[in-house]
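Pasting a predicted model and its sequence here:
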Amino acid sequence: MSLYALQKLIRDVNRKPACREAYFQSAEKFAEPYDLAPEERAAVVRRDVRQLYAMGVHGLLLRPFTLLHQMPEPDYLKAIRGE
């Protein structure tokens, strides 16, 4: 796994408007330059919060990422708890 690259991608989406726009246009294309394992790429493209959390993505990166996708807090908490 390449947790650093995965968290960098999420941080870029969270903090850089141009990256955010590119991710929303095509998550697959946006993720290409990042050195991600296939399962990491799939999780970030699907926005699989449970899997991203299980892979080690820090909550201080993951929660803003989910807010950008309008995920309500109860849904976020259920996802990271695996409920």
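Alright, I've got the coordinates.

C-alpha only now, for contacts and for neighbours.
Fine.

quick one: low-confidence parts of the protein?
Within the chain, the segments meeting pLDDT under 70 span 1.

50 instead?
For the chain, no stretch has pLDDT under 50.

Give the other helices and strands that whichever helix or strand residue 8 is part of contacts.
Here residue 8, judged by DSSP states H and E, is contained in helix 3-15. If you count contacts as 3 or more C-alpha pairs under 8 Å, 6 or more residues apart in numbering; DSSP states H and E, helix 3-15 packs onto helix 17-25, helix 59-68.

mind checking how far it is from the chain centre?
Here the centre of helix 3-15 is set off from its chain's centre by 7 Å, with C-alpha atoms, centre = their mean, to the nearest Å.

One more: stretch 13-28?
Worked out by C-alpha atoms, centre = their mean, stretch 13-28 lies 11 Å from the chain centre.
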